[in-house]
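Colleague: what's the 3D shape of this:
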Amino acid sequence: MNNPNDQLAETAPSRPPASLGNFQAVYLSRQNKKLPTRHNWGWGCATVIGVLFLIVVAYFLAPLRSNILILGVDGGQGRGDLGRTDTIILATISPLQPKVGMLSIPRDLWVTQLDGSENRINTAFFFAEAAEVGSGARATRQVVYKNFGIPVDYSVVLRMDGVVGIVDALDGIEIQLEQPNAGYPAGSHRLDGTQALAFARNRSGSDDFSRMIQGQILLRGLLRELIKPASWPRLPAFYLAVREVAQIDVPVWLWPRLGLAVLRAGPNGITARAINRDVVTPFTTSGGAQVLQPNWEAIDIVLDEVFR
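Modeller: Numbers count the residues shown, from 1 in each chain. Presented below is the predicted three-dimensional model:
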């Protein structure tokens, strides 16, 4: 029978263990290792939130102003498919203030064209489209800048017959008349799409200056309808209606910022002006055309009210 002591002997080390006195204690220092604390995590979260806040602020407040040229093109009536810009409205939106301004420009205003010649302002769109399809809005923007000195960032080209679908998508709009206009008495009136188009095109007992005011009234009524919370469920239908009849080069990512500025300004925060008969002189060209000669000193005062 094997002796247990013999097994222990076989597993015993071949040399005696070293004395503990031969070892030196090693002290592990944690002095240079800083563990994350709740305080540091708090500062990190605050930094991230601050950066996100600055991004949101920059999104809604910069650039400080966007100028958009709205062109209403009314084809047909023997004009062919090109049409001419019967409605010209230069809108400005400043999210920081907030401020919304509209300047109506008469179609017969006699201005300098891009090639240095003189002609009605609405011919810029027509001749540019005849030369290159899709270039009319860009050419009109350049002509506006050349004559008014106002840089135009974006443009909206709207077929006037598309007003019917746009207004009906919102289930109508409400217009406010300070005096009788287009057969309607002074006061508030609810218009459907067909009525809105007829109001915009009405020419009975009116001139181009009156029709400019009619265009502003419709646009103000449209904006008033868009900022109503009750109309917000109809915005998808409104968007689709606009896409069908309008060419818009305003970036989609900019729409919420401009929409919020209009919402903050409200109906009473919209400044609407027009180049009216007080700042122009009617005259007949050598070719027999009835046009409007601008008084630029008087027009500059109007520009200051809208864009400064």
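Colleague: Check which residues of stretch 209-223 are buried.
Modeller: Applying a neighbour-count criterion of 16 or more other CB atoms under 10 Å, the buried positions in stretch 209-223 are 209, 211-223. For glycine as for every other residue, the C-beta is placed from the backbone atoms N, C-alpha and C.
Colleague: so V280 makes contact with Q290?
Modeller: No. The pair V280 / Q290 is not scored as a contact, 11.9 Å apart, by CB atoms under 8 Å.
Colleague: Compare these two (neighbour count), which wins?
Modeller: Taking other CB atoms under 10 Å, V280 and Q290 do not tie; V280 has more neighbours (20 against 10).
Colleague: now the more buried one, which residues is it bridged with?
Modeller: Here V280 sits in beta bridges with P294, as judged by DSSP bridges.
Colleague: which residues does it contact?
Modeller: If a contact means CB atoms under 8 Å, 6 or more residues apart in numbering, then V280 has P106, L109, L292, Q293, P294, N295 as its contacts.
Colleague: Quick check: the gap between it and A196.
Modeller: Counting by CB to CB, to the nearest Å, the gap from V280 to A196 is 28 Å.
Colleague: what do you get for L258?
Modeller: Separation of L258 from A196 (CB to CB): 22 Å.
Colleague: neighbour count winner among these two?
Modeller: Ranked by neighbour count (other CB under 10 Å), L258 and A196 place A196 first, with 23 against 19.
Colleague: host element of that one?
Modeller: Under the criterion DSSP states H and E, the helix or strand holding A196 is helix 193-201.
Colleague: as a whole number, average confidence for the following helix or strand past that helix?
Modeller: Counting by DSSP H and E, the element after helix 193-201 in chain order, helix or strand, is helix 208-226. Mean pLDDT, taken over the full extent of helix 208-226, equals 89.
Colleague: tell me how far helix 208-226 is from the chain's mean position?
Modeller: The gap between where helix 208-226 is centred and where its chain is centred comes out at 18 Å by CA atoms, centre = their mean, to the nearest Å.
Colleague: and the residue positioned nearest the centre of the chain, what does it touch?
Modeller: A centroid search over the chain (CA atoms, centre = their mean) returns L258, at 4.5 Å, as the residue closest to the centre. Residues touching L258, when contacts are defined by CB under 8 Å, 6+ apart, comprise S66, I93, P95, V250.
Colleague: Please list all residues in contact with the residue nearest to G165 when sequence neighbours are not counted.
Modeller: Leaving aside its sequence neighbours, G165 sits nearest to A241 (CB to CB, 6 or more residues apart in numbering; 4.4 Å). With CB under 8 Å, 6+ apart as the criterion, the residues that contact A241 are G162, G165, I166, D168, A169.
Colleague: just so I have it, where are all the strands in this protein?
Modeller: With DSSP state E applied, the chain shows strands at 66-74, 84-94, 99-104, 110-112, 118-120, 154-159, 173-177, 187-191, 246-248, 270-274, 280-284, 290-294, listed in chain order.
Colleague: JSON lines for these, including mean pLDDT and distance to P229?
Modeller: Listed next are the strands of the chain as JSON lines, based on pLDDT from 0 to 100; distance: least, CB to CB, whole Å:
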{"stretch": "strand 66-74", "mean pLDDT": "92", "distance to P229": "24"}
{"stretch": "strand 84-94", "mean pLDDT": "90", "distance to P229": "20"}
{"stretch": "strand 99-104", "mean pLDDT": "92", "distance to P229": "19"}
{"stretch": "strand 110-112", "mean pLDDT": "96", "distance to P229": "42"}
{"stretch": "strand 118-120", "mean pLDDT": "94", "distance to P229": "42"}
{"stretch": "strand 154-159", "mean pLDDT": "94", "distance to P229": "24"}
{"stretch": "strand 173-177", "mean pLDDT": "94", "distance to P229": "15"}
{"stretch": "strand 187-191", "mean pLDDT": "95", "distance to P229": "18"}
{"stretch": "strand 246-248", "mean pLDDT": "93", "distance to P229": "24"}
{"stretch": "strand 270-274", "mean pLDDT": "91", "distance to P229": "19"}
{"stretch": "strand 280-284", "mean pLDDT": "94", "distance to P229": "41"}
{"stretch": "strand 290-294", "mean pLDDT": "95", "distance to P229": "42"}
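Colleague: Sounds good, over and out.
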